[in-house]
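Q: return a 3D structure for these sequence lines:
(one chain, ligands or ions: 1)
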Amino acid sequence: MVTMNVLLGRLLVLATLIVLCNSSCYLILKKSNESPNECTDDEGNSHQLNSSWKTKNCMQCDCGKTEISCCSIAAIPMGYNEQKCEAILDDKTCKYKVVERKNPKKTCKFTSSIL
Ligand SMILES: *[C@@H]1O[C@H](CO)[C@@H](O)[C@H](O)[C@H]1NC(C)=O
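A: From the prediction side, this is the model:
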């Protein structure tokens, strides 16, 4: 059941990201059985109210009373040839690199980055 919820949470997050498209923040509403004084993240770690933490996928999340809000800390590259190239997130440095789809060793130019 827990796994199911996590999975559902991930799907929701994904759906939200797609809907919001260029916006890099999202909210996760806490479950009604969660304490208002702490938040549980994707991996089951607890965080105190008003504290923030970084996730593996380069988001910074803040614990609120009723919700968790997360924003990306990786700037998304814009203005590159999307047919030819794709942006790949390096989750160690939290930076995107833009590489050719056919030849990921080759980098592509991009004009700007947005957060
Ligand atoms: C958390 O932040 C809210 C809003 O700023 C504040 O009202 C509340 O007292 C804070 N709670 C804790 C435990 O720091």
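Q: point out where the protein drops to low pLDDT.
A: 1-23 (pLDDT under 70).
Q: that one - how does it break down into domains?
A: 2-72, 76-114 (automatic domain parsing).
Q: want to try a markdown table for these, with mean neighbour count as columns?
A: The C-beta positions use only the backbone N, C-alpha and C, and glycine is treated the same way. Putting the domains of the chain into a markdown table (neighbours: other Cβ atoms under 10 Å) gives the following:
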| stretch | mean neighbour count |
| --- | --- |
| domain 2-72 | 13 |
| domain 76-114 | 14 |
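Q: Asp62 sits in which helix or strand?
A: strand 59-63 (DSSP states H and E).
Q: partner strands of that strand, with direction?
A: Applying DSSP bridges, strand 59-63 is found paired with strand 52-54 (antiparallel), strand 67-72 (antiparallel).
Q: any chance of those strands in a markdown table, with distance to Cys25 too?
A: Formatted as a markdown table, the strands paired with strand 59-63 follow (distance: least, Cβ to Cβ, whole Å):
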| stretch | distance to Cys25 |
| --- | --- |
| strand 52-54 | 13 |
| strand 67-72 | 4 |
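Q: my read is that Gln29 contacts Glu67, right?
A: No, residue 29 isn't Gln; it's Leu. Yes: counting by Cβ atoms under 8 Å, Leu29 does reach Glu67; the two are 5.1 Å apart.
Q: residue closest to the middle of the protein?
A: Nearest to the mean C-alpha position of the chain, counting by Cα atoms, centre = their mean, stands Met59 at 4.7 Å.
Q: good, wrapping up.
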